[in-house]
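Asker: Sequence and predicted structure, then a few things I'm wondering about:
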Amino acid sequence: MTDRSAIDALLADAKPEQTPLPPAEERRRLRVELHLSRAQVAAALGVSASTVGGWEAGREPSGEVREKYAYFLEGAVAKLHAAALAKAPGEVPVDEPADEGQADVLDDVHVLAVPAPCVLCGQPARQQVEGFPQHLDPADCAAAAPAPVVAPTVDAGLARGAQAAAPAVPAASERDVPAPAARPVRAVPPQRPVQPARSGRGDWKGGRSGGRGMAVAPVGRRVQAAADVPDPIRSAVDAALAEHGGDVEAATAALVKRAIPDAMALLDHTRKGGRYDVVAHPWLPDILRKGSSRGADQIWEARPKWTRPELPAGAHEVTALDINGAYLSALKTHLPLGQLEHSTGNHHDKRRSGLHLITPPVWEHDAVLPSPVGQRDEPGPLWVTEPTLRLLQRVAGPRYGLCEMPEIHESWTSGSTEGLLEKFRIALREARDRAISEDDAVTLEYVKAMYSKFVSTLGESNYNRELYRTDWMHLIRSQAFANLWAKAHRAYDEGLMVVRAMGTDELHVTGGWRAVFPEGRHVTEVKVKDVYTVGTDTDDPQQPENAPGGPS
């Protein structure tokens, strides 16, 4: 009898066909026509706004979240179809404006998740036009019968805390011609006060007595004081401590456990208003795919693992320096925004970023400095990241002149920016600095877990389904290695002897390193990890000899 175990195993692993979804452009159209933001859809589905953006750019969701998204899209189609059927004769549909003047108003209508006071009558409204909550149906506004509103003067606007003012809406009985029900009233922002002239003393003339530099800002565009801006990291720490009754260890463990989703939420928070859309789950070339479940892809990250092969005669006191926040600093690097595109030829476009197949130059300074491509034994071309390529080009340039230019054979790149994660990085750095100054061990461990796990789970990880950018993971790691090489060269250039460079954050030197690197715990500083002696003192024959390049 034929053994059917292999067939049974195959059937057990087989998965039924996934629920079909409409094309990417149709997904976006359905959301836009319902006046829903990506953040609103993401909140309902339990994902991030960037993930919804990836789906609308062509990425395919999977598993349970795919079923939820399909349900949402089916409901969106049904709702828009029902609205079209229920449309009254003569009513102007949203997607077919009667004239150009109405089209630009309707494009700015948004449905509010939580009702907000209407700028015309003050009663709860579920629609927002040009950033101002208001009723689209004038009858809803008339029901409130608001009292006439007088346009504010400078004094009145300041006295009311720069609140928005709007023209009064007459009662229904006072209107001669009712406004069309389907046409929203364009929100009127508060009138700007006349800019007063400055006196020679720097005081403002006119307006409130003694006022200095005060102005009225429209609703929705007010500048917030730093104390009023929400701090997600501080809020999370306070909530964890409260939940665990002030138990520091329990609160820290809970925060570290949720560091990945919290990091993604912080990323979305800092990306609000960003200039660039990011493809969160792009198609990846084969060079980024692992050969096996425990294997590696083809990208060489240039991780340094270097020890000076020979030391001068005599005993040397070596200080092992710890580079603070290596991965945190490496978040500032050129990251590709969209899907990687293939190109060939020995050409590098600095407006793009990605992965490059290069023949690295010969490195002739291994006796005193590590190679910028790390310790690689195999000769020939290799796939490197953008930070490694740019470091090699810089080292080969006129400032350093330490090697020849690398030869580029082919590349996988996309348009890029160096500031993509900058707000994210600054938020984490400021929280880290504050935790150090306040001796807050909980926040310090929480922040460290956020940025380290963020980097480590960008690749093929089951712990982070929000952002799948293996190329970013390699680039950020390589940037950390490039930063360490730059510190090693700086030490060498300042007259220190570089003894060892390891990983992302370990640099061993001899000499007066405090004149080169500031000591401390902040990301721009270094701290001492170890001090040891290498070699023998020729004047002391009784001292045992230590192996050069290693701690005693």
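Answerer: Nice, thanks for sending it over.

Asker: Leaving out chain neighbours, which residue sits closest to Leu288?
Answerer: Thr470 (4.7 Å; C-beta to C-beta, 6 or more residues apart in numbering). C-beta coordinates here come from the backbone N, C-alpha and C atoms, glycine included.

Asker: Verify the stated contact: the one you found with Asp297.
Answerer: Yes - the pair formed by Thr470 and Asp297 meets the contact definition of C-beta atoms under 8 Å, at 7.1 Å.

Asker: Show me whatever sits in contact with both of the two.
Answerer: Leu288 (C-beta atoms under 8 Å, 6 or more residues apart in numbering).

Asker: ok so, going back, ok, now which ones touch the residue nearest to Leu288?
Answerer: 284, 288, 297, 458-460.

Asker: Among those, which one sits closest to Ala44?
Answerer: Of all those, Leu458 has the smallest distance to Ala44: 25.5 Å, by C-beta to C-beta.

Asker: thought that closest one was touching Leu475?
Answerer: No - counting by C-beta under 8 Å, Leu458 does not reach Leu475; the two are 9.5 Å apart.

Asker: Would you mind telling me which of those two has more residues around it?
Answerer: Leu475 (28 against 21; other C-beta atoms under 10 Å).

Asker: if we can go back for a sec, tell me the confidence at the residue nearest to Leu288?
Answerer: On pLDDT, Thr470 comes in at 94.

Asker: what's the spacing between it and Lys290?
Answerer: 9 Å (C-beta to C-beta, to the nearest Å).

Asker: Need the residues touching each of those two.
Answerer: Common contacts of Thr470 and Lys290 (C-beta under 8 Å, 6+ apart): 297, 460.

Asker: Thought Ala491 was touching Trp513, still the case?
Answerer: Yes - the pair Trp513 and Ala491 passes the contact test of C-beta under 8 Å, sitting 6.9 Å apart.

Asker: Just want to know which of the two has more residues nearby.
Answerer: More crowded of Trp513 and Ala491, by other C-beta under 10 Å: Ala491, with 24 against 17.

Asker: Mind telling me what element the closest residue in space to that one that isn't next to it in sequence is part of?
Answerer: Nearest non-adjacent residue to Ala491, counting by C-beta to C-beta, 6+ apart: Val509, 5.0 Å away. Val509 is part of strand 506-510 when elements are defined by DSSP states H and E.

Asker: From the chain's centroid, how far away is the helix or strand that comes right after that strand?
Answerer: Downstream of strand 506-510, the first helix or strand assigned by DSSP H and E is strand 526-534. Centroid separation for strand 526-534 versus its chain: 35 Å, with C-alpha atoms, centre = their mean, to the nearest Å.

Asker: Could you do stretch 250-266 as well?
Answerer: Distance, stretch centre to chain centre, for stretch 250-266: 16 Å (C-alpha atoms, centre = their mean).

Asker: mean confidence for that stretch?
Answerer: Across stretch 250-266, the average pLDDT comes to 94.

Asker: Buried residues in that stretch, which are they?
Answerer: 251-252, 254-256, 259-260, 262-264, 266 (16 or more other C-beta atoms under 10 Å).

Asker: go on, stretch 441-455?
Answerer: So stretch 441-455, judged by 16+ other C-beta under 10 Å, has buried residues 442-455.

Asker: Run through the strands of the stretch 201-350 of the chain in chain order.
Answerer: For the stretch 201-350 of the chain, the strands defined by DSSP state E, counting those that start in this stretch cover 299-300, 305-307, 316-323, 335-336, 341-344.

Asker: tell me the most buried of the ones you listed?
Answerer: Greatest average neighbour count among those goes to strand 335-336 (a mean of 25), per mean count of other C-beta atoms under 10 Å.

Asker: Pull the residues that contact it.
Answerer: Residues contacting strand 335-336 (C-beta under 8 Å, 6+ apart): 352-354, 413-418, 420-421, 471-472, 475-476.

Asker: got it, and stretch 273-291?
Answerer: Residues contacting stretch 273-291 (C-beta under 8 Å, 6+ apart): 48, 50-51, 53-54, 57, 59, 271, 296-299, 337-340, 342, 355, 383, 412, 417, 420, 423, 460, 466-471, 474.

Asker: Point out where the stretch 201-350 of the chain drops to low pLDDT.
Answerer: 201-229 (pLDDT under 70).

Asker: Specify the strand with the largest residue count in this structure.
Answerer: strand 407-417 (DSSP state E).

Asker: Check which helices and strands that one is in contact with.
Answerer: strand 335-336, strand 341-344, strand 352-359, helix 386-396 (3 or more C-beta pairs under 8 Å, 6 or more residues apart in numbering; DSSP states H and E).

Asker: Pull the distance from the shortest one to the chain's centre.
Answerer: Remark: strand 335-336 is offset 12 Å from the chain centroid, using C-alpha atoms, centre = their mean.

Asker: what are the pairing partners of that strand, and which direction each?
Answerer: strand 407-417 (antiparallel) (DSSP bridges).

Asker: quick one on the thing from earlier: any chance of the helices and strands packed on strand 407-417 in TSV, with distance to Val531 too?
Answerer: What follows is the helices and strands packed on strand 407-417, written out as TSV (distance: least, C-beta to C-beta, whole Å):
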stretch	distance to Val531
strand 335-336	38
strand 341-344	49
strand 352-359	39
helix 386-396	29
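
Asker: Out of the ones you listed, the one nearest Glu407 is which?
Answerer: Nearest to Glu407, of the helices and strands packed on strand 407-417 and by C-beta to C-beta, is strand 352-359 at 4.5 Å.

Asker: Dihedrals phi and psi, Asp297?
Answerer: The phi/psi pair for Asp297 (degrees, to the nearest 10) reads phi -80, psi -170.

Asker: What's the separation between it and Asp286?
Answerer: Taking C-beta to C-beta, one finds Asp297 at 9 Å from Asp286.

Asker: Who has more neighbours out of the two?
Answerer: Asp297 (20 against 9).

Asker: Return the residues in contact with that one.
Answerer: 287-291, 470.

Asker: need those residues in JSON lines with distance to His347, can you?
Answerer: Listed next are the contacts of Asp297 as JSON lines, based on distance: C-beta to C-beta, whole Å:
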{"residue": "Ile287", "distance to His347": "19"}
{"residue": "Leu288", "distance to His347": "22"}
{"residue": "Arg289", "distance to His347": "26"}
{"residue": "Lys290", "distance to His347": "29"}
{"residue": "Gly291", "distance to His347": "29"}
{"residue": "Thr470", "distance to His347": "24"}
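
Asker: right, and the pair among these with maximum separation?
Answerer: Once C-beta to C-beta is applied, these give Gly291 and Thr470 as the farthest pair, at 13.7 Å.

Asker: Just confirm Arg27 contacts Phe72, I think it does.
Answerer: No - under the criterion of C-beta under 8 Å, Arg27 is not in contact with Phe72, lying 9.4 Å apart.

Asker: So Ala116, which state does it fall into?
Answerer: When classified by DSSP: H, G, I helix; E, B strand; the rest coil, Ala116 comes out as strand.

Asker: could you measure it against Gln123, distance?
Answerer: 10 Å.

Asker: how far away is Ile323 from Lys487?
Answerer: Distance from Ile323 to Lys487, by C-beta to C-beta: 7 Å.

Asker: Mind listing the shared neighbours of these two?
Answerer: Residues touching both Ile323 and Lys487 (C-beta under 8 Å, 6+ apart) are Leu507.

Asker: residues in contact with Asn483?
Answerer: 323, 326, 329-330, 504.

Asker: hang on, I meant Ser456
Answerer: Met473.

Asker: How about Ala491?
Answerer: Per C-beta under 8 Å, 6+ apart, neighbours of Ala491: 498, 507, 509, 513, 516-517.

Asker: hmm, 7 Å instead?
Answerer: Taking C-beta atoms under 7 Å, 6 or more residues apart in numbering, we find Ala491 in contact with 498, 507, 509, 513, 516.
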